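# Have a look at this fold, sequence not included:
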């Protein structure tokens, strides 16, 4: 989605790109790409992990309103299991950049590597703390994924997903051992694989649902 664009007012169309969800045991990896409008500054942009939930939610709405263009994309659990988490993340980043309604002149990627893109790109280590557009992307990705995890809390009660967001906390690992994996768990991740094997040993007919 994008807001109105006056090309005469924009000197550099740079997209910031970031991801959320490489480490969790369940759910998609979510990415975002954002082109900020230099004429509509957004105060308080920072690494999403350094912001409170309330601040992230407020900035999410402001970014969506003021950015020249933004896109939230993802790679699903089956893609993560098939490709591996790194390649699935790169795929989701490609989708985010390709989904922008404006083609950027360059994409700045948080981290130390870039996906294959049709536009020039460069990695920026700790970019979400250095580049406002990457910080904006990190906020969109995190808020979007956190909302999804809250919804999964209702679909898969007992795992605490709304709290730990899928990360391998003691609460999550205990629930995995007790209940077995769900359909949104990443079977290529060792704790999920071990839990599934243990569950199948007890119940050969068990199917994640």
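Ah, there it is. Remember, it's a predicted structure, so these values are computed and weren't measured experimentally.

# Could you grab the helix/strand/coil label for the residue nearest in space to the middle of the chain?
Central residue check for the chain by CA atoms, centre = their mean: the C-alpha nearest the mean position is that of residue 30, 2.5 Å away. Residue 30 falls in the strand class when you classify it by DSSP: H, G, I helix; E, B strand; the rest coil.

# Tell me how far it lies from residue 170.
Using CB to CB, to the nearest Å, residue 30 is found at 24 Å from residue 170. In short, each C-beta sits where N, CA and C put it, glycine included.

# about what we covered before: the residue nearest to the centre of the chain against residue 92, yeah?
Yes: under the criterion of CB atoms under 8 Å, residue 30 makes contact with residue 92 at 7.0 Å.

# residues touching the residue nearest to residue 27 when sequence neighbours are not counted, list them.
Using CB to CB, 6 or more residues apart in numbering and skipping residues adjacent in sequence, the residue nearest residue 27 is residue 166, 4.7 Å away. Going by CB atoms under 8 Å, 6 or more residues apart in numbering, residue 166 touches 21, 24, 25, 26, 27, 149, 172.

# ChimeraX command for the buried members of those?
Applied in ChimeraX, the following selects the buried portion of the contacts of residue 166 according to 16 or more other CB atoms under 10 Å:
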select :21,24,25,26,27,149,172
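
# Redo the contacts of residue 166 as a markdown table? Include pLDDT, distance to residue 69 and secondary structure.
Output for these, formatted as a markdown table (pLDDT from 0 to 100; distance: CB to CB, whole Å; DSSP: H, G, I helix; E, B strand; the rest coil):
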| residue | pLDDT | distance to residue 69 | secondary structure |
| --- | --- | --- | --- |
| 21 | 98 | 22 | coil |
| 24 | 98 | 28 | coil |
| 25 | 98 | 32 | coil |
| 26 | 98 | 30 | strand |
| 27 | 98 | 26 | coil |
| 149 | 98 | 26 | helix |
| 172 | 98 | 35 | helix |
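
# Closest to residue 100 out of the contacts of residue 166?
The nearest member of the contacts of residue 166 to residue 100, counting by CB to CB, is residue 21 at 20.2 Å.

# how near is the closest residue to that closest one other than its chain neighbours to residue 105?
Distances taken as CB to CB, 6+ apart put residue 29 closest to residue 21, at 4.3 Å, once the chain neighbours are dropped. According to CB to CB, residue 29 stands 26 Å off from residue 105.

# ditto for residue 162
Distance from residue 162 to residue 105, by CB to CB: 39 Å.

# Over to residue 195?
46 Å.

# Could you check which of these two is surrounded by more residues?
residue 195 (23 against 14; other CB atoms under 10 Å).

# What helix or strand is that one located in?
helix 190-202 (DSSP states H and E).

# Could you list every helix and strand in contact with that helix?
For helix 190-202, the elements it packs on are helix 170-179, judged by 3 or more CB pairs under 8 Å, 6 or more residues apart in numbering; DSSP states H and E.
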